[in-house]
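Engineer: Take this sequence and fold it.
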Amino acid sequence: MVHKTRGIVFRFTRFGETSIIVTIFTELFGLQTYLVNGVRSKSSKNKIALFQPLTLLDLVVYHRENANINRIKEIKCLVPYHSIQYDARKSAIALFLNEVLNKCIKEESHANEVYQFLESSLLTLDHQEDNFENFHLIFLLKLSRYLGFGTTDVLELCGRRPVAKEELQLLMILLTCDLATPVPMALQQRRELTDLIIHFYRDHLDTLGEIKSIQVLKDVLS
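Structural biologist: Predicted structure coming up:
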C-alpha cells in the first residue's frame, strides 16, 4: 500500500552503479530501509543531497509489512536546515547524534513519538544562534527516555562512577531543562559529562560500542 509519512535519514550505502539503499526513521513505520534507483547517476546528481544524514523528508512510500526493503514513490525535503551544515560546531554535534541514533534505534515501537522528538530536536539545534555547546548532553538524556531506560535520578545516572559535586549539580539541571536552555559549564565538565552519559548508555545498550565521532565533537567544541 501507498502511505504518506515524514522521515529522517539515518544513513545510506551505495548499491550498484547508480542506486543506494537508505535507512530512514519514519513517523508511521519507524526504522525502514528503501532501495532508490538511479539517484547517483549524472542526470540525478542533485537528488543525492536528499539522503544526507538527518535530512528531514516528506515522503510517499510503498509499504509492505515484514518486507526487508521497500520503495519510495515521492520524496522532497520537508524543512531545509539553515545552519547545521554551515556551522562547524553544529555539524560536529549532528555527526555525533547521527552515530548514536544509528547504534541505538532499532525498534519500530512508539515511532510517532520518537519521530516527533527527533524532528523537534533537530530544528531546535538548527534555530539556536548561540549557547548550544551542551545540546548533545540534554538530547541524550531526553532520548534515553524514549529508548526505555531514561531516569530522573542523578545517582542512578552516575551508577558507581565517582562524580564531583559540581557535575552532579549540572546533571540535575540537564535532566530537567529544555533543549534550548543554556547551561553554562567549563570545557572539562562538558567532556566529563559527555563520557558519563555515554557510559550510562553502554550500561543499558549492548549495541552502542565505540562512538567514533566523539573525539571530533570534543575537539570542535573545545
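Engineer: Could you use CA atoms for every contact and neighbour count after this?
Structural biologist: Will do.
Engineer: Now the helix or strand of the chain with the lowest mean pLDDT: buried residues?
Structural biologist: The helix or strand of the chain with the poorest confidence is helix 154-158; it has a mean of 91 (mean pLDDT, DSSP states H and E). Neighbour-count burial for helix 154-158 flags 157, 158 (criterion: 16 or more other C-alpha atoms under 10 Å).
Engineer: Just checking the distance from that helix to the centre of its chain.
Structural biologist: 23 Å (C-alpha atoms, centre = their mean, to the nearest Å).
Engineer: just checking, next helix/strand downstream of that helix?
Structural biologist: For helix 154-158, the following helix or strand on the C-terminal side (DSSP states H and E) is helix 165-176.
Engineer: got the CA positions of that following helix in CSV?
Structural biologist: Below are the C-alpha coordinates for helix 165-176, written out as CSV (Å, rounded to 0.1, in the frame of the first residue of the first chain):
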residue,chain,number,x,y,z
LYS,A,165,29.5,17.8,43.4
GLU,A,166,29.6,20.4,40.7
GLU,A,167,29.0,17.8,38.0
LEU,A,168,26.1,16.4,40.0
GLN,A,169,24.5,19.8,40.2
LEU,A,170,24.9,20.3,36.4
LEU,A,171,23.4,16.9,35.8
MET,A,172,20.3,17.8,37.8
ILE,A,173,19.9,20.9,35.6
LEU,A,174,20.4,18.9,32.4
LEU,A,175,17.8,16.3,33.4
THR,A,176,15.1,18.9,33.8
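Engineer: Show me what the very next helix or strand once past that helix is packed against.
Structural biologist: Sequence order places helix 187-204 as the next helix or strand after helix 165-176, per DSSP H and E. For helix 187-204, the packing partners by 3 or more C-alpha pairs under 8 Å, 6 or more residues apart in numbering; DSSP states H and E come out as helix 135-146, helix 154-158, helix 165-176.
Engineer: tell me, which of those is the model least confident about?
Structural biologist: Among the helices and strands packed on helix 187-204, helix 154-158 carries the lowest mean pLDDT, at a mean of 91.
Engineer: elements contacting that one?
Structural biologist: Here helix 154-158 touches helix 165-176, helix 187-204, going by 3+ C-alpha pairs under 8 Å, 6+ apart.
Engineer: would you list these in CSV and tack on mean neighbour count and distance to residue 1?
Structural biologist: As requested, the helices and strands packed on helix 154-158 are arranged in CSV below (neighbours: other C-alpha atoms under 10 Å; distance: least, C-alpha to C-alpha, whole Å):
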stretch, mean neighbour count, distance to residue 1
helix 165-176, 16, 41
helix 187-204, 17, 36
